[in-house]
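Visitor: My questions concern the predicted model and sequence given below.
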Amino acid sequence: MPFKNQSVKNITMRGVLHHLNDPFAFFEECERVLQSGGRIIINEPYISPFSYIGYKYLHFENCDYSWQTEFKKGQPFMDCNSALPTIIFKKKLPYFKNTFPKLQIIHTNYHTFFIYFLTGGYSYPALIPNRLFNIFISIEKGLRPLRKLLANIMFIVIEKS
């Protein structure tokens, strides 16, 4: 990153991490450029048992839940891995914590169950009319206790100690 050491207060990402060629190089740079108390705020795909079907078979981006974190350079931007954030922050969380001890995860939330797919995500037209949106939001609120099983988006806040 083109920043001086300890010169950045916050880094925000929305749907970016799973497109990075080498996410661990990114986190190394975060450790370097973040000030003490600086944060990385991440909103990324989450591969739950429910969302796996949507990401694997219905979504246009790759979803490989194996322990692959790097992509071959030169691949098109959309050749990414939607499962990458789940791999890093769930499947291989101890590895992340040991590799980046200065980066402490201070908040994790799982949200958005089926509304993301029903509204077309970021790229496709909505599958439901606008007038039904609030009904589906209400249903999702009622299902919050099951969010680790149903969610397809994760929100993470990481703070540099």
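Guide: Yep, that arrived. Everything numeric in this text was worked out from a predicted model, so none of it was measured.
Visitor: Give me the pLDDT value at the nearest residue to residue 32 once chain neighbours are set aside.
Guide: Excluding the flanking residues, the one nearest residue 32 by Cβ to Cβ, 6 or more residues apart in numbering is residue 5, at 5.7 Å. No exception for glycine: its C-beta is placed from N, CA and C like everyone else's. Model confidence at residue 5, given as pLDDT, is 97.
Visitor: How about stretch 98-110, which residues are buried there?
Guide: The neighbour-count check on stretch 98-110 (16 or more other Cβ atoms under 10 Å) flags 100, 103, 105, 108, 110 as buried.
Visitor: Touching it from outside, list them.
Guide: 24, 27-28, 30-31, 39-40, 46, 48, 89, 96-97, 147-148, 151, 153-161 (Cβ atoms under 8 Å, 6 or more residues apart in numbering).
Visitor: that's a helix at residue 89, yeah?
Guide: Yes - assignment of residue 89 by DSSP: H, G, I helix; E, B strand; the rest coil places it within a helix.
Visitor: ok, what's across the strand from the residue nearest to it when sequence neighbours are not counted?
Guide: Spatial nearest neighbour of residue 89, chain neighbours left out: residue 156 (6.0 Å); criterion: Cβ to Cβ, 6+ apart. Beta bridges link residue 156 to residue 42, residue 108, judged by DSSP bridges.
Visitor: What distance do you get for residue 156 to residue 12?
Guide: 11 Å (Cβ to Cβ, to the nearest Å).
Visitor: How about residue 21?
Guide: Where residue 12 is concerned, residue 21 sits at a distance of 20 Å (Cβ to Cβ).
Visitor: Brilliant, that's me finished.
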